[in-house]
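1. sequence and predicted structure below; questions after.
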Amino acid sequence: MHHFRWRRIVATTAAVGAGALVLAGCAGGGTGTPSGEPTASAAPTAGGEIVVGGLTTAALDPGQLGYSNQSRAWTTPILGSLFLPPLKAGEDIRPGVALSYEYNDDATEFTIHLREDAKYNDGTPIDADSVVWNLQRNTAKGLSSSQYFQYVDSVTATDDTTVVIEFSQPYGLLPEALAFTTTGYLASPTALKE
């Protein structure tokens, strides 16, 4: 069911993007010749910037994204996130790629339970090892959101769908950090290594 929902979100995002491109193509820009004949355009070139909704980003790599509320609207459906912010004030954090989480009694251990059927956009399964890889990589990059990992002693996969994070002292802000910042974003290790 989760895979279908993500597929629907990605398809909707793609459809909106395609619609925006069509509308942009219809907008009059005065680039034709005086007789109304279109002029030849330059051949496409590699490189450049990705601009979505007026925001520029160098890549869709969670390790290169800064935190921005505006960027979450388009990066979350593309990259996926462990948890999602509440839809309304006062509501709980929502599941993303992760189904649930729990703390031990003294809040020094945080356990994340992942969906079994989740996949990255390239088809690679989202398993505990890839989540550990993402969390370690995202926090090591020095993102502003890595401040939420200052008390982390270890991040380990205990099986295919379980990640355990151990803290050096009691720490209760990690669910919010994973839902509200880029620290919880996930990208395929296979794709990023290529």
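-> Cool, got the structure.

2. CA only for contacts and neighbour counts going forward, please
-> Noted.

3. least confident secondary structure element in this protein?
-> Least confident helix or strand of the chain, by mean pLDDT, DSSP states H and E, is strand 55-57 with a mean of 53.

4. in this structure residue 85 contacts residue 94, no?
-> Yes. Judged on Cα atoms under 8 Å, residue 85 makes contact with residue 94 at a distance of 6.1 Å.

5. between these two, which has more neighbouring residues?
-> residue 85 (20 against 17; other Cα atoms under 10 Å).

6. the more buried one and residue 93, how far apart?
-> Separation of residue 85 from residue 93 (Cα to Cα, to the nearest Å): 5 Å.

7. show me which strand runs longest in this protein.
-> strand 152-159 (DSSP state E).

8. residues making contact with that one?
-> Contact partners of strand 152-159, identified using Cα atoms under 8 Å, 6 or more residues apart in numbering, comprise 128-129, 132, 135-136, 163-168.

9. adding distance to residue 186, write these out as TSV.
-> Putting these into TSV (distance: Cα to Cα, whole Å) gives the following:
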residue	distance to residue 186
128	11
129	12
132	10
135	8
136	11
163	14
164	16
165	16
166	20
167	21
168	24
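
10. mind putting those residues into a markdown table with secondary structure, pLDDT and neighbour count?
-> Formatted as a markdown table, those follow (DSSP: H, G, I helix; E, B strand; the rest coil; pLDDT from 0 to 100; neighbours: other Cα atoms under 10 Å):
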| residue | secondary structure | pLDDT | neighbour count |
| --- | --- | --- | --- |
| 128 | helix | 97 | 23 |
| 129 | helix | 97 | 18 |
| 132 | helix | 95 | 20 |
| 135 | helix | 89 | 20 |
| 136 | helix | 87 | 17 |
| 163 | strand | 98 | 23 |
| 164 | strand | 98 | 21 |
| 165 | strand | 97 | 19 |
| 166 | strand | 97 | 20 |
| 167 | strand | 96 | 19 |
| 168 | coil | 96 | 12 |
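
11. what is the nearest of those residues to residue 108?
-> residue 167 (4.9 Å; Cα to Cα).

12. so residue 138: helix, strand or coil?
-> Secondary structure assignment for residue 138 (DSSP: H, G, I helix; E, B strand; the rest coil): helix.

13. for it, give me the pLDDT.
-> Per-residue confidence at residue 138 stands at 73 (pLDDT).

14. ditto for residue 109
-> 98.

15. isn't it up against residue 165?
-> Yes. The pair residue 109 / residue 165 is scored as a contact, 5.7 Å apart, by Cα under 8 Å.

16. what are the ranges of the helices in the protein?
-> Secondary structure of the chain (DSSP state H): helices at 2-26, 69-79, 128-140, 174-180, 189-193.

17. got the angle for the third one vs strand 152-159?
-> It refers to helix 128-140. Using axes from the mean of the first three to the mean of the last three Cα atoms, to 10 degrees, the inter-axis angle of helix 128-140 relative to strand 152-159 is 160 degrees.

18. ok, residues contacting helix 128-140?
-> Under the contact criterion Cα under 8 Å, 6+ apart, helix 128-140 has outside partners 62-63, 114, 145-147, 149, 155-163, 183-189.
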